[in-house]
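Student: Everything below, folded, please.
(chains A and B)
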Amino acid sequence: MATGQTGSIYDIGYRKYDGPRLGRAHAVRSLFLHSLRSSFGIGRGGRAKIAPLVLAAIACIPAVAIIAAQALFRQFPGGGALDDELPIRYDTYASTIGLFIILFCAAQAPDLFGRDQRHSLLSLYFARALRREDYALARLAGFMVAVFALQMLPHVVFFLGQVLLATDVLRGITDDLPEMAAVVVQALLTAGLLGGISMAISAFTRRRAYAVAGIIAAFIIPSIVAGIVIGIGSLGLGRWLVLLSPTSVLEGTNAFLFGTPAGGLFEGFILDVPDLAFFGAAAIGIATSVAVTIRRFRGITA
Amino acid sequence: MALISIRGLTKRYGTSVTALDALTVDIETRIVGLVGSNGAGKSTLLKILLGLIDSTSGEATVFDLDVKTHGTDIRQFVGYMPEHDCLPPDTTATDWVSHLALMSGLPRTAARERTAEVLRHVGLYEERYRAIGGYSTGMKQRVKLAQALVHDPRLLLLDEPTNGLDPSGRDEMLELVRRTGTEFGMAVIVASHLLNEIERVCTHLVAIEGGQLLRSAPLGDFTEQTGTLAVEVDEDAPRLAERLAGQGMSVALDGRAVLVALAGDQTYDLVRDAVAELGLPLLRIEARRHRLEDLFRDAPAGSGGAVPVASPVAGPPA
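Tutor: Sure, this is the predicted structure:
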């Protein structure tokens, strides 16, 4: 049968496989890791890496710049005063790079679900050792962890810089550790809320452009509404509209976690919404995104 | 223990479309052809067995496991080659197939090794490091087959595997299917509407029409002799038919052919004599075999829509 024709189907000895089969857990873990890597363009060719890596680099620029400035100013008498008046701190960093997190979501989330639908790959996934819900959750979790990593990276750079600059390294660590704890929680909420909403939107369309536009709209429009609400200074039911804006919700949780008056949009205004409401809204937002995504893939025809 | 056991399987879409209608059949380990016209329910059946869609009612088991409750266990050992396009254009064959191998439960190293073996096995060499978007149709079909084989399944489900292939590609694919079933110890089910291809590789046929089982039998049953003699004359076939009916034979008319029920060797002699006496130009005397196409015609199998002829001597028409 084997006549040496290249490109023809012939048998050169098909072998049986007697090795271990690791089942559903392994499949889910593999898909999770694959999604996490895909979020940064790893494994999909050079061009896919440009957007995420550029955004990650930009997000780190303020941290690197501040560290460099601090190191520089210390060389001059009185330069240590900068340390007391840093323009960017742990509690303000998140809103500084907030836009880049949104851009990352809009750039990367559509591909994670959209590609599989665009090329009809779902039937191959669902014909494998994992369930439909597993597929949805693995991809969702992979992206959320990617967003978490993106938010944490600049903070970690900043933290390391502060520790290295400190005269007493150990004290430097213990001073900043409580702030880092707050950073971690805020990053988790950001990953869950922004990541979840982005993925939920991208689950519903195979067209990349629609998903990108949808994600940006979902974040920007409510924040404009929130801005108006705050600007008007409404004290009635209107103030609760703020909770419909994911970015505003995250501002609220950030303020609570760092014990500072809300910055960013809220700067200078009084907003009589209880802190708990922000956390409740975040939890509801995350839970809803996850539920909607699972439901979508339960019902989709493969 | 049947490999696949199906009981009363029904699938309805809304109230108007019934894809499967109380289908009941057992499928054993063999190369099984699942035949039926387009829309007969073949793809629906395969998808229900895989758990890709849920049945409306009825039961199905694969490897003695219920498809509704043990889907992931079953799918570790089932390979599926869908009919439609299902390949990402910006990924290489190696990356895609090894990714799917992981999805089927293979450890990472084993996935890589099996991917390399299986891609060589289906005939993709240097091409497997190029993105799938640049492949020809034949190469894409091979990647589809490779991803179905990579985890060494016990059951292979192929939905129209020769779709889009040129004649030599079809031959190769069918040969591979045949060898997979006979040499690799894998049960194979091939769903197709191309009966002549199915005849070449399958040993057992399950024929479905309108969501119901027409027949499930070894291939030989479908193509055995019908016990009918077809006598083709160039003119005056009705006269011959009347003469033979008058001699007590069971006769039917099918265009230019007269179909005579074979009652034994003497039938041949009687027919020959009748034709000679009438002086008709004889074209052919042929013992008719069943053809697969007969299954899907409205008339009963074997008669091919023929019209019975009443015998003037005997009683009512046969």
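
Student: where exactly do the helices run in the chain?
Tutor: Going with chain A. When secondary structure is read from DSSP state H, chain A shows helices at A:23-39, A:47-73, A:81-84, A:90-96, A:98-118, A:122-126, A:132-165, A:169-190, A:196-202, A:208-232, A:246-258, A:275-299.

Student: should've been chain B
Tutor: With DSSP H as the criterion, chain B has helices spanning B:42-50, B:71-75, B:93-103, B:108-121, B:137-149, B:167-183, B:195-201, B:219-222, B:237-246, B:265-278, B:292-295.

Student: Tell me the helices and strands packed up against the lowest-mean-pLDDT helix or strand in chain A.
Tutor: One helix or strand of chain A scores below all others by mean pLDDT, DSSP states H and E: helix A:81-84, with a mean of 73. For helix A:81-84, the contact count by 3 or more C-beta pairs under 8 Å, 6 or more residues apart in numbering or on different chains; DSSP states H and E identifies helix A:47-73 as packing neighbours. Every C-beta, even on glycine, is put in place using the N, C-alpha and C of the backbone.

Student: which bits of the stretch 101-250 of chain B sit near chain A?
Tutor: Residues of the stretch 101-250 of chain B found near chain A, taking C-beta under 8 Å from any C-beta of the partner chain as the criterion, are B:102-108, B:110, B:114, B:117-118, B:120-125, B:127, B:139, B:142, B:147, B:149, B:151-152, B:168, B:172-173, B:175-176, B:179-180, B:183-185.

Student: Is it correct that A:Asp116 is in contact with A:Phe126?
Tutor: No: under the criterion of C-beta atoms under 8 Å, A:Asp116 makes no contact with A:Phe126, lying 10.3 Å away.

Student: and those two? which has more neighbours close in?
Tutor: Shown here are A:Asp116 and A:Phe126; by other C-beta atoms under 10 Å in any protein chain shown, A:Phe126 has more neighbours (24 against 21).

Student: So for the more buried one, what pLDDT did the model give?
Tutor: The model reports A:Phe126 with a pLDDT of 94.

Student: Give the full set of residues in contact with it.
Tutor: Under the criterion of C-beta atoms under 8 Å, 6 or more residues apart in numbering or on different chains, the contact list for A:Phe126 reads A:132, A:135, A:302, B:50-52.

Student: out of the residues you listed, who's nearest B:Ser98?
Tutor: Using C-beta to C-beta, A:Tyr135 is the member of the contacts of A:Phe126 that sits closest to B:Ser98, with 17.9 Å.

Student: Look up the closest residue to that closest one, ignoring the ones flanking it.
Tutor: With C-beta to C-beta, 6 or more residues apart in numbering or on different chains as the criterion, A:Tyr135 has its nearest non-adjacent residue at 5.5 Å, and that residue is A:Tyr125.

Student: ok, so what distance separates the one you found from B:Ala217?
Tutor: Applying C-beta to C-beta, to the nearest Å, the value for A:Tyr125 to B:Ala217 is 36 Å.

Student: Then A:Arg298?
Tutor: According to C-beta to C-beta, A:Arg298 and B:Ala217 sit 39 Å apart.

Student: Then A:Ser35?
Tutor: From A:Ser35 over to B:Ala217 the distance is 47 Å, taken as C-beta to C-beta.

Student: Which one of those two is surrounded by more residues?
Tutor: Looking at A:Ser35 and B:Ala217 with other C-beta under 10 Å, you find the greater number of neighbours at A:Ser35, namely 22 against 12.

Student: pretty sure the more buried one contacts A:Arg139?
Tutor: Yes: the pair A:Ser35 / A:Arg139 is scored as a contact, 4.6 Å apart, by C-beta under 8 Å.

Student: Need the residues touching each of the two.
Tutor: Any residue near both A:Ser35 and A:Arg139 by C-beta under 8 Å, 6+ apart counts here, and that gives A:Leu112.

Student: List the buried residues in stretch A:110-121.
Tutor: For stretch A:110-121, a neighbour-count test (16 or more other C-beta atoms under 10 Å in any protein chain shown) marks A:110-121 as buried.
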